[in-house]
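below is the structure, and that's it, no one-letter string:
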Ligand SMILES: Nc1ncnc2c1ncn2[C@@H]1O[C@H](COP(=O)(O)OP(=O)(O)O)[C@@H](O)[C@H]1O
Ligand SMILES: Cc1ncc(COP(=O)(O)O)c(N)n1
């Protein structure tokens, strides 16, 4: 059931690429919004011919085609949160950032997508500067993975300490909150292999950890995570609670699809798992998700 407040239905807009394989991009974003009982809309930036083995083709849409979609949505439907994913090139990034500056009065989650899981570039490294100059200043929350945090800062991000250093550097460009995701780095804490997402805002770090799941079925994890954050923000949740819910959701989604037989490579996650809504998240703490709930575990940090 959609969450309504006096007839208002929470609405989330994704500005991203299409994944023909259905596991990442706008397909992941809309499935995620639906699972959070949020009304999802999309402005498509590029069409990819893609499956779990890799990306076979990329067909970008013109900045004008992107802008017309955005105007159609803004002129009629409106939105309570925006998420951006794969954007194409510097011209598309500039068009989208200008639109958001003029027309968005809601939270904006930027997932700075650069490379697909199989290794295909989805953004030319020459266009990273456009992300820094135009997109970071409009972002409420930015969610780079470790290689993206490296590309945005020049810091070789391979450890928790480097995640923290990169987060501080990225925040200097304007986003209110930075989440450096831990999917790509091995973090052993108290003899447990964890996937730790580091959040930085207002000079403080908050940590969201979950056991690292041993599986290659992680296609679309970043898309799913960022659209879950945007969906929670659209529902009016606080940013840290939104990130906790999103991390719990992606953990359950990876777990849910571990025995799936969809595709022969990096398989998709299970977007039909149940969201976890968490209210009591305090800044500056270390949280561990046990599959059901968030536990405050400053003892293991
Ligand atoms: N093997 C894993 N086990 C548990 N959580 C994971 C795993 N891989 C990724 N995640 C989580 O999925 C989300 C996306 O992370 P990541 O894979 O780093 O992003 P991206 O898809 O952009 O590369 C993060 O919350 C991360 O902690
Ligand atoms: C259209 C599109 N957008 C984004 C990704 C990145 O996927 P991931 O979430 O696994 O980083 C992708 N593979 N395809």
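Alright, I've got the coordinates. Predicted model, so just to flag it, every value in this text is computed and none were measured. Ligands and ions are numbered 1, 2, ... in the order given.

need the pLDDT of the residue in the stretch 1-150 of the chain that ligand 1 sits nearest to.
For the stretch 1-150 of the chain and ligand 1, the shortest gap (C-beta to the nearest ligand atom) falls at residue 145, measuring 3.6 Å. Yep, even glycine has a C-beta here, placed from its N, CA and C like the rest. What the model reports as pLDDT for residue 145 is 97.

pull the contacting residues for the closest residue in space to it that isn't next to it in sequence.
Distance criterion C-beta to C-beta, 6 or more residues apart in numbering; nearest residue to residue 145, sequence neighbours excluded, is residue 181 at 4.7 Å. Applying C-beta atoms under 8 Å, 6 or more residues apart in numbering, we find residue 181 in contact with 143-146, 197, 222, 225.

want to throw the residues you listed into JSON lines with distance to residue 63 and secondary structure?
Listed next are the contacts of residue 181 as JSON lines, based on distance: C-beta to C-beta, whole Å; DSSP: H, G, I helix; E, B strand; the rest coil:
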{"residue": "143", "distance to residue 63": "24", "secondary structure": "coil"}
{"residue": "144", "distance to residue 63": "24", "secondary structure": "coil"}
{"residue": "145", "distance to residue 63": "26", "secondary structure": "coil"}
{"residue": "146", "distance to residue 63": "30", "secondary structure": "helix"}
{"residue": "197", "distance to residue 63": "32", "secondary structure": "strand"}
{"residue": "222", "distance to residue 63": "24", "secondary structure": "helix"}
{"residue": "225", "distance to residue 63": "27", "secondary structure": "helix"}
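
these: which two are farthest apart?
The span of the contacts of residue 181, defined through C-beta to C-beta, is set by 146 and 225 at 13.8 Å.

which of these two has more neighbours?
More crowded of residue 146 and residue 225, by other C-beta atoms under 10 Å: residue 225, with 28 against 21.

ok, the more buried one touching residue 252?
No - applying C-beta atoms under 8 Å, one finds residue 225 not in contact with residue 252, separated by 11.8 Å.

sorry, back to before: what sits against the residue of the stretch 1-150 of the chain closest to ligand 1?
Going by C-beta under 8 Å, 6+ apart, residue 145 touches 180-181, 183-184, 222.

cool, and residue 54?
If you count contacts by C-beta under 8 Å, 6+ apart, residue 54 has them with 116, 118-120, 265.

max pairwise distance over those: which two?
Greatest spatial distance among the contacts of residue 54 (C-beta to C-beta): 120 and 265, at 12.0 Å.

so where do the helices sit in the stretch 151-300 of the chain?
Per DSSP state H, counting those that start in this stretch, the stretch 151-300 of the chain carries helices over the ranges 160-171, 221-234, 239-256.

what's the spacing between the residue of the stretch 151-300 of the chain found nearest ligand 2 and residue 286?
Residue nearest to ligand 2 within the stretch 151-300 of the chain (C-beta to the nearest ligand atom): residue 222, separated by 3.3 Å. Using C-beta to C-beta, to the nearest Å, residue 222 is found at 22 Å from residue 286.

more crowded one of these two?
More crowded of residue 222 and residue 286, by other C-beta under 10 Å: residue 222, with 24 against 18.

my read: that one touches residue 183, true?
Yes - using C-beta under 8 Å, residue 222 is in contact with residue 183, at 7.4 Å.

wait, residue 95 sits on residue 67?
Yes - counting by C-beta under 8 Å, residue 67 is a contact partner of residue 95 at 5.5 Å.

the two: who's more crowded?
Counted by other C-beta under 10 Å, residue 95 and residue 67 do not tie: residue 95 has more neighbours, with 20 against 17.

OK, contacts around that one?
Contacts of residue 95 (C-beta under 8 Å, 6+ apart): 63, 66-67.

next up, phi/psi of residue 130, please.
The phi and psi torsions at residue 130 (degrees, to the nearest 10) take the values phi -70, psi -40.

count the neighbours of it for me.
When neighbours are counted by other C-beta under 10 Å, residue 130 registers 19.

without its sequence neighbours, what residue ends up closest to it?
Spatial nearest neighbour of residue 130, excluding adjacent residues (C-beta to C-beta, 6+ apart): residue 90 at 3.8 Å.

surely the one you found and residue 128 touch.
No - Residue 90 lies out of contact with residue 128 (C-beta under 8 Å); the separation is 9.3 Å.
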